[in-house]
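1. quick one: sequence plus predicted model below, questions after.
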Amino acid sequence: MNDTMMRLLDVIGTVVFAISGATLGVRRRMDLFGVIVLACVTATAGGVMRDLLVGTTPPFAIANWKPLTLAACAGLLTFYFEPLVGKLKSPVQVFDAAGLGVFAVAGTQQALDHDLSFGSSVLLGLISAIGGGVVRDIMTAQVPNVLRAEIYAVAALTASVIIAGAHHLQMASTAAVPFAVAACFLLRLVAIRRAWNLPASRHAPKDPPPTSPAP
Amino acid sequence: MNDTMMRLLDVIGTVVFAISGATLGVRRRMDLFGVIVLACVTATAGGVMRDLLVGTTPPFAIANWKPLTLAACAGLLTFYFEPLVGKLKSPVQVFDAAGLGVFAVAGTQQALDHDLSFGSSVLLGLISAIGGGVVRDIMTAQVPNVLRAEIYAVAALTASVIIAGAHHLQMASTAAVPFAVAACFLLRLVAIRRAWNLPASRHAPKDPPPTSPAP
Amino acid sequence: MNDTMMRLLDVIGTVVFAISGATLGVRRRMDLFGVIVLACVTATAGGVMRDLLVGTTPPFAIANWKPLTLAACAGLLTFYFEPLVGKLKSPVQVFDAAGLGVFAVAGTQQALDHDLSFGSSVLLGLISAIGGGVVRDIMTAQVPNVLRAEIYAVAALTASVIIAGAHHLQMASTAAVPFAVAACFLLRLVAIRRAWNLPASRHAPKDPPPTSPAP
């Protein structure tokens, strides 16, 4: 993929994940710096995990000042203008869905650029995509989205598989990238709106589980 | 240790930890993919931590498709046939105890094969053994087993010390491995059955602590 | 900085973070080994993260037996003599504040010694400082201190910026180090005593958030 598109994807993913973290922080009544820290962690944790797993040290988000500055600014703006975000129906989940698609694509592409196999590339795309949200949810003491209903890992996997498949079929990534991002985002959003869920096991206990309330 | 035994240990550890994660997921009413993700994370997190700590990147579970495929299949079967697992008294803990012993042995052995010291090898064995369960428990928002009663870290340490000791005494690992796995597994199981606990501090508060219910 | 001072800082930081972890463990009625594990994790997690992020494997706390032995001994003593610690008003937070300053300084200094940039050094100092406490809080199923009120990340950042600034101004670190540690410690303690907080967003919900009780 050309560099401009990769950079653009990273910027978009960083901003939307930062907003999802900051919005959750505001709703949990965190103070300004708590909100900014949560925005930064949500925006960068997936990429840091990916870099550590492929042996790139220091990770991009540590070596380069731009991602954290961008995430901190997005967090700051969210702190002061949260009502604009709040007009969306479930803003944490909408921004999370956007970040999911973008980072799945960026992570898979980066792994392919390092000549990793199809499977490893898909996996690294998945980890890049879900890492930030997992750390955000763990740090706010709730069960990560990826383990709770609503086609979460499946949406990220879809985007990763499209990118890795297009690469192996030698298709132009300029066509595959927007398609993969859109597929993940829409799949996840429709799942939220229609409360599509994969089934729970027939053997699950009948009483409701001890989960945290959704943000 | 010969390669066949190492591979067998890894397969057994992966499967039992995957079952422990999947069973917990079913009981928390997670959907199919949540259960599979939790099975995969529980089965591989300890090994990934061990690989990152010794500088092996990408970690084995990322570079190789077998561990995650195995864990996903074990998770899938658990999802559909959980009652078979449920006939055991406390299945998460029984499978967790088996994984604990197997991964303590495999992690220690791998560190010894990299010429690490006695202490570092024992430590890496411990981390391989407890890592998966810790991540599983954190992702389901409960305090990790290793911090709650019942001779958990001690059992894993016992297995690691037996393997590292046998190595330094130049004993055959074919004899030490089954002994170490059995010692860890039995020590942990007996501790669960008899509710053996190490003492809490005399200075602990009298009222019960805010812990999550055991799975 | 000269080696003696670096080593002294590491010893102090390890001991105070171990005490903070062990005290929290005692209050949550953990058993002896749970308390020791929590002491070790709290004392070493920040340094292990820092080492992984700059690519030093195995991390110092794994390769060297001293940090974990020190942390385990501090945890053991805390387990048996917790009332001495308890005479302090909020002992977990006081020891946590001391560790915060010491590890911010040590982490920043180590990054500077590796010729990292000003920004990356400050960031690694921050991660070294908050890492142990974050893992301690996550493992006890509470929202990390760094996300809850009271000038937490700001205090660690202050120490890191003082050290990195003094380095770039080529000032003697023997003068900067005690000043930076003291600035962080006092800033954090005063914030606790006076309940200084940064503001929550005007847009935060009015009802109290679902946080765990402070230790």
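-> Done, it's in.
2. please make it C-alpha for all contacts and neighbour counts, starting now.
-> Will do.
3. so after the element among helices and strands of chain A having the smallest mean pLDDT, what's the next helix or strand?
-> When each helix and strand of chain A is scored by mean pLDDT, DSSP states H and E, helix A:82-86 comes last, with a mean of 68. Downstream of helix A:82-86, the next assigned helix or strand under DSSP states H and E is helix A:91-113.
4. mind giving me the packing neighbours of the helix or strand just after that following helix?
-> Using DSSP H and E, the helix or strand that follows helix A:91-113 towards the C-terminus is helix A:118-139. Here helix A:118-139 touches helix A:3-27, helix A:32-54, helix A:91-113, helix A:152-168, helix B:60-63, going by 3 or more Cα pairs under 8 Å, 6 or more residues apart in numbering or on different chains; DSSP states H and E.
5. redo that, cut-off 6 Å
-> helix A:32-54, helix A:91-113, helix A:152-168 (3 or more Cα pairs under 6 Å, 6 or more residues apart in numbering or on different chains; DSSP states H and E).
6. how far out from the middle of the chain is that helix?
-> 7 Å (Cα atoms, centre = their mean, to the nearest Å).
7. contacts for it next, please.
-> A:42-43, A:45-47, A:50, A:100, A:103-104, A:107-108, A:111-112, A:144, A:156, A:160-161, B:62-63, C:143 (Cα atoms under 6 Å, 6 or more residues apart in numbering or on different chains).
8. look up the closest residue to A:Gly55, ignoring the ones flanking it.
-> Distances taken as Cα to Cα, 6 or more residues apart in numbering or on different chains put B:Thr57 closest to A:Gly55, at 5.3 Å, once the chain neighbours are dropped.
9. quick check: that neighbour vs B:Met49, distance?
-> B:Thr57 is 11 Å from B:Met49, where distance means Cα to Cα, to the nearest Å.
10. tell me the contacts of the most centrally placed residue in chain A?
-> Taking Cα atoms, centre = their mean, the centroid of chain A lies closest to A:Leu100, which sits 3.3 Å from it. Taking Cα under 6 Å, 6+ apart as the criterion, A:Leu100 is in contact with A:Ala129.
11. what about it, distance to A:Gly133?
-> A:Leu100 is 9 Å from A:Gly133, by Cα to Cα.
12. where in chain A is pLDDT low?
-> A:1-3, A:84-91, A:149-150, A:195-215 (pLDDT under 70).
13. which bits of it sit near chain C?
-> Taking Cα under 6 Å from any Cα of the partner chain as the contact definition, chain A meets chain C at A:26-31, A:34, A:57-58, A:62-63, A:79, A:139-141.
14. buried subset of the residues you listed?
-> Burial by neighbour count, 16 or more other Cα atoms under 10 Å in any protein chain shown: within the residues of chain A next to chain C this picks out A:26-31, A:34, A:57-58, A:62-63, A:79, A:139-141.
15. thinking again about what came up before, quick one: the residue nearest to A:Gly55 is in a strand?
-> No. Secondary structure of B:Thr57 (DSSP: H, G, I helix; E, B strand; the rest coil): coil, not part of a strand.
16. quick one: contacts for it?
-> Contacts of B:Thr57 by Cα under 6 Å, 6+ apart are A:53-55.
17. which one (most neighbours) among the residues you listed?
-> Neighbour counts for the contacts of B:Thr57 (other Cα atoms under 10 Å in any protein chain shown) peak at A:Leu53, which has 23 neighbours.
18. how close does A:Cys184 sit to chain C?
-> Distance, A:Cys184 to chain C, using Cα to the nearest Cα, to the nearest Å: 30 Å.
19. and that residue, what does it touch?
-> A:101, A:155-156, A:159.
20. secondary structure element for it?
-> Under the criterion of DSSP H and E, A:Cys184 resides in helix A:173-193.
21. buried ones in that helix, by neighbour count?
-> Residues of helix A:173-193 classed as buried by neighbour count (16+ other Cα under 10 Å): A:173, A:176-178, A:180-189, A:191-192.
22. run the angle between that helix and helix A:91-113 for me.
-> 150 degrees (axes from the mean of the first three to the mean of the last three Cα atoms, to 10 degrees).
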